[in-house]
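>>> the following block contains a protein sequence and its predicted model.
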Amino acid sequence: MEIFVARTPDEIDLAFDKLQNSPVLGCDTETSSLWAKSGKLFSIQFSDGNFNVLIPISENIPIGKFEEILTDRSIVKVFHNAKFDLDFLSESSISVENVFCTMVAEKLLTRGANQSVSLAETLYRYFAVDLDKSQRSKFSRNWDGVWTAELVDYALADVVHLPKLMTEQRLWLDKLGLLDEFNDNMKKLNLKNLSAQI
């Protein structure tokens, strides 16, 4: 797994060049709280499953060309709990198109099974991946905004598995005849113009 923190315009351009032709990208944000109206956006992360980039917005780094990736309808952006991330991105005037939400998919796939649809539990069920969430508590309004290697690893651990998770979930949604219901649920999240029609 290649990890890259893009802090300069040249680094943003380099990361953009590596990811701009990816058909699917895992995406995530780190934030100061659960509420977009009062919270702060600290970072945006992207992964094609191999190359993983973090843009440290807390260090006053603009996302540059990555705005093109986020609005490119030929690239599926995979989020877990997309509504949360998109609310924060919207508050920062960042638009996103062509979204797949793995949490929405997992809620449909596990309906009636009384199982958690958290990312940690979902990734463990599919891939036996253990996510360490202990670093999450460091992100608060009082955080100094400096990205240590541990925080970068934590933030990117979430996104690296999202493209593969979407592939698995799409297969099951198709097998179970749930594709139309998935698309309907995405629209209910106010993602009507954003959701990936599958």
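Yep, it's here. Please read these numbers as outputs of a predicted model, since none were measured by experiment.
>>> and Lys60, what's its pLDDT?
One thing to correct before we go on: residue 60 is Asn, not Lys. For Asn60, the model assigns a pLDDT of 94.
>>> do you know how far it is from Ala82?
26 Å (CB to CB, to the nearest Å). No exception for glycine: its C-beta is placed from N, CA and C like everyone else's.
>>> look at those two and report which has more neighbours.
Taking Asn60 and Ala82 together and counting by other CB atoms under 10 Å, Ala82 has the greater number of neighbours (24 against 8).
>>> what is the closest residue to the more buried one other than its chain neighbours paired to in the beta sheet?
Excluding its sequence neighbours, the residue lying closest to Ala82 (CB to CB, 6 or more residues apart in numbering) is Cys101, at 3.8 Å. Note on Cys101: beta-bridge partners by DSSP bridges are Phe79.
>>> so Cys101 touches His80, yeah?
Yes. With contacts counted by CB atoms under 8 Å, Cys101 reaches His80, the gap being 7.1 Å.
>>> roughly how far out does stretch 12-29 sit from the chain middle?
The gap between the average C-alpha position of stretch 12-29 and the chain average comes to 12 Å, counting by CA atoms, centre = their mean, to the nearest Å.
>>> could I get the CA-only coordinates of stretch 174-192 as CSV?
Output for stretch 174-192, consisting of C-alpha atoms alone and laid out as CSV, is shown next (Å, rounded to 0.1, in the frame of the first residue of the first chain):
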residue,chain,number,x,y,z
ASP,A,174,-27.4,-7.7,-7.8
LYS,A,175,-27.8,-11.3,-6.6
LEU,A,176,-30.5,-10.3,-4.1
GLY,A,177,-32.4,-8.0,-6.5
LEU,A,178,-31.8,-5.0,-4.4
LEU,A,179,-30.2,-2.6,-7.0
ASP,A,180,-33.3,-0.5,-7.5
GLU,A,181,-33.9,-0.2,-3.8
PHE,A,182,-30.3,0.8,-3.3
ASN,A,183,-30.7,3.6,-5.8
ASP,A,184,-34.0,4.7,-4.2
ASN,A,185,-32.3,4.9,-0.8
MET,A,186,-29.4,6.9,-2.2
LYS,A,187,-32.0,9.4,-3.6
LYS,A,188,-33.6,9.7,-0.1
LEU,A,189,-30.3,10.8,1.3
ASN,A,190,-30.6,13.9,-1.0
LEU,A,191,-28.0,12.4,-3.3
LYS,A,192,-30.4,12.3,-6.3
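>>> with that, I have no additional questions.
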